[in-house]
Structure formats: C-alpha cells, structure tokens
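1. Predicted coordinates and the sequence they were generated for:
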Amino acid sequence: MNGKRRRLLLAAIDPMLEPGEQVEVATIVNLSSVSVRRTAVFAAASAIMSGGAMAVIPAPAPMYLAMTDRRIFVFRANPTFARPEEHLMTIPRAGLVRTEIKERLLNSSFVVSSPDSEQGLKIIFPLVGRKDRNAIAAALPLAA
C-alpha cells in the first residue's frame, strides 16, 4: 500500500481507536463469503440466460483492512481515489482463528472465523500483499 493510501486509512481509523490501541497492519484486500461453487453456478446461469453471449462472474470489491492489537477494521476502498469510502465492519481479534494459507498464481487467501460461528470471512491478498498477509497470519492462530 502506498504512503497516501496508508495515511488516509490511518486518518479514518484514528477516531475509532481506543486509548493505547495501535495499528499493526494496514493493507488492501478482497473479501468474500461466497464459495467458488456458487460463483461457478452464477457464471453458468448468466451464460444460459444470455444465450451464451456472455458470462458474468462477480468480482470482490477492493477493501482496506487494518489490524490493531485488539481489532480488525474493514473499509470499502474507493476505486478511483485513494481514500476509504465507508466503514463496513469491526471484528474483535480475541478468539479469531484462521485456516491454512492457500497460494494461487495471482493471489493467496485464508478464512478467518470465530470458533463459535459457522460463517467465515475469506480474505484474499494480492501478490504484492504477501508481507501484510504474513503479518496477519502470524497474529491469528490456526484453526484446530
């Protein structure tokens, strides 16, 4: 993440921080709660509906993710300008676990979840985000 984007994200997070809370990682990611199977079904259905003229595949929107020593903040990233647009969620870090890192050709990912919940949040990191991915992965224990 370049300096301008990082400064704007930190400025957006600053009023939300508790006393003594510090940002450890700030990065750009894609988030997804939709499975690959559902994406394939959606693409096939759109191809059938258009008579084979086109297939639509939903692409996750870029998000800003900032992890502090206590919480994870997620903001929608403005695709044109460098600033964060909207605060989407704040997740307490206590109790969060992650899956193994899945390496792909153009990106890598892992799923973050709470042991109490059946839902998880898939965080997709671009290739240039490996350092940030490793920092977040190191902070979250592997699921048993």
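-> Structure received. Numbering: from 1, shown residues only.

2. And for Arg133, the neighbour number?
-> 22 (other C-beta atoms under 10 Å). For every residue, glycine as well, the C-beta is placed using N, CA and C.

3. any idea how far Ala143 lies from Glu86?
-> Separation of Ala143 from Glu86 (C-beta to C-beta, to the nearest Å) stands at 29 Å.

4. The residue of the chain most remote from its centre: what secondary structure?
-> What lies farthest from the middle of the chain is Gly51; by C-alpha atoms, centre = their mean that is 34.1 Å. Following DSSP: H, G, I helix; E, B strand; the rest coil, we place Gly51 in the coil state.

5. The helix or strand where Ile124 lies pairs with which strands, and in what direction?
-> Assigned by DSSP states H and E, Ile124 belongs to strand 120-126. With DSSP bridges as the test, strand 120-126 is paired with strand 23-32 (antiparallel), strand 107-113 (antiparallel).

6. mean confidence score for that strand?
-> Per-residue pLDDT over strand 120-126 has a mean of 89.

7. Okay, the closest residue in space to Phe73 that isn't next to it in sequence and Glu21: tell me how far apart.
-> Nearest residue to Phe73 in three dimensions, chain neighbours excluded: Ala66, at 4.6 Å (C-beta to C-beta, 6 or more residues apart in numbering). Ala66 is 11 Å from Glu21, where distance means C-beta to C-beta.
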